[in-house]
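Chemist: Sequence plus predicted model, see below.
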Amino acid sequence: MSTRRGSVDMAAASSDGLGTLLQDNPIAVAIIGCEIAFRLVLAAGLAVRYLLRQRRLSNWLLLAVPPVDVVLLALVAIDLGRGTVATNVHSLAGMYLGISVAFGHRMVQWADVRVAHRFAGGPAPTPKARAGAGRASYEWRTFGLALIAAAIAIGTLLGLRFLVAAPDAGAALTQRVPMIGVVVAIWFVSGPLWWSGRTAADRVKI
């Protein structure tokens, strides 16, 4: 009985801690809300397209996906413009924006193909190449999107730091820029460089 009560108390404490964290970090709430909105709008658009057969309405719904990112950027700018000291959460919002803009279209296509196959007799999704030139090409395309995401994230963070945040309140925004560069470098080495080298080595063996 005491063990169960202890578990309940721990769960309540965790819930209170999470509630306090979200209350003290409205931008974290905004990020979570934007992610939920993205998924809801995407699901609604695909449901209207393939279940209700309303393609035009579906297109309008899917066009509502990009403004979700604009809303997040506006909320971050407003929060910083009020003199709020930038935190890691604000930096996360900038990085989230870059990923969402760069990879959002691919996410929509990924879901569209699978829903069309499941509910509208569309072709089966093409599996990702596991090796060879096809895999190297895939890695280069994905890395190109990663570069776009990094550029958007860095541009957003720098813009918020020097154009919106108070002079002494935005240092945390630029502290994440080197980390983005490191992630991109690791992505390049482990992705397109690795698979291109492996493909070239396989050709030499042949």
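Modeler: Noted; the coordinates are in hand.
Chemist: In PDB, list the C-alpha atoms belonging to the helix or strand harbouring residue 182.
Modeler: Secondary structure from DSSP states H and E places residue 182 in helix 177-188. Output of helix 177-188 as PDB, limited to C-alpha atoms (Å, rounded to 0.1, in the frame of the first residue of the first chain):
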ATOM      1  CA  VAL A 177      24.800  28.300 -33.400                       C
ATOM      2  CA  PRO A 178      28.100  26.300 -33.000                       C
ATOM      3  CA  MET A 179      26.100  23.200 -32.000                       C
ATOM      4  CA  ILE A 180      24.000  23.400 -35.200                       C
ATOM      5  CA  GLY A 181      27.300  23.500 -37.100                       C
ATOM      6  CA  VAL A 182      28.500  20.400 -35.300                       C
ATOM      7  CA  VAL A 183      25.300  18.500 -36.000                       C
ATOM      8  CA  VAL A 184      25.500  19.400 -39.700                       C
ATOM      9  CA  ALA A 185      29.100  18.300 -39.900                       C
ATOM     10  CA  ILE A 186      28.300  14.900 -38.200                       C
ATOM     11  CA  TRP A 187      25.300  14.500 -40.500                       C
ATOM     12  CA  PHE A 188      27.600  15.100 -43.600                       C
END
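Chemist: The chain should start at 319 in everything you say after this.
Modeler: Got it, first residue is 319 now, which makes that one helix 495-506.
Chemist: other SSEs contacting it?
Modeler: With contacts defined as 3 or more Cβ pairs under 8 Å, 6 or more residues apart in numbering; DSSP states H and E, helix 495-506 has these neighbours: helix 450-477. The way it works is simple: take the backbone N, C-alpha and C, and place the C-beta from them, glycine included.
Chemist: And the contacts of the following helix or strand past the helix it packs on?
Modeler: Counting by DSSP H and E, the next helix or strand C-terminal to helix 450-477 is helix 489-492. Identification of contacts with helix 489-492 by Cβ atoms under 8 Å, 6 or more residues apart in numbering yields 403-406, 408-409, 412, 475-476, 478-479, 483.
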